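Chemist: Predicted model follows, preceded by the sequence.
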Amino acid sequence: MLPILHAIQAAFGHVPSTALGLIADALNVTKAEVHGVISFYHDFRETPAGRHVVKICRAEACQSVGATGLAAETLAKLGVDWHETTANGAVTVEPVYCLGLCACGPAVMVDDKVVGRVDEARMNALLAEAGA
């Protein structure tokens, strides 16, 4: 099932709800089982992401150096919650549970670029670059 879900998401940017029944029928499983896999793995999306995806590390090392406050400020500034996209479609914000920059936290990833030691000013600059 995972390779099928990855291929669909690569093609459409998300796994449309209309695909669940087709996947279930092809694999002889229930739609609930397909939905369970999609909801279990955080990388699968049920709706399209924004043009840019900002992932904020929520692991303990980053939390200890301010990631919780950074996340709260970012979500408030953008007017979204986790996994939501800004009204202009520019940015989707997602939690991630380690980016491998534990000594350089708080860490974020914008699209495929990992950035360490992010404070509010740096986050604002990253968001501006993303069009938020």
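Modeler: Looks like it came in fine.
Chemist: From the rest of the structure, what touches stretch 51-70?
Modeler: 71, 74, 89-99, 101-103, 105-111, 118-120, 123, 126-127, 130-132 (CB atoms under 8 Å, 6 or more residues apart in numbering). Glycine gets a C-beta too; all of them are placed from N, C-alpha and C.
Chemist: Touching stretch 82-102 from outside, list them.
Modeler: Residues contacting stretch 82-102 (CB under 8 Å, 6+ apart): 42, 45, 47-59, 61-62, 71, 74-75, 78-80, 107-109, 114, 116, 127, 130-132.
Chemist: which ones among those are found in helices?
Modeler: A61, C62, A71, T74, L75, L78, L127 (DSSP state H).
Chemist: can you tell me how far the residue in the chain sticking out farthest from the centre sits from M1?
Modeler: In the chain, the residue that sits farthest from the middle, by CA atoms, centre = their mean, is N28; the gap is 29.5 Å. Per CB to CB, to the nearest Å, N28 is found 11 Å from M1.
Chemist: same question, K55
Modeler: 24 Å.
Chemist: Cool, thanks, signing off.
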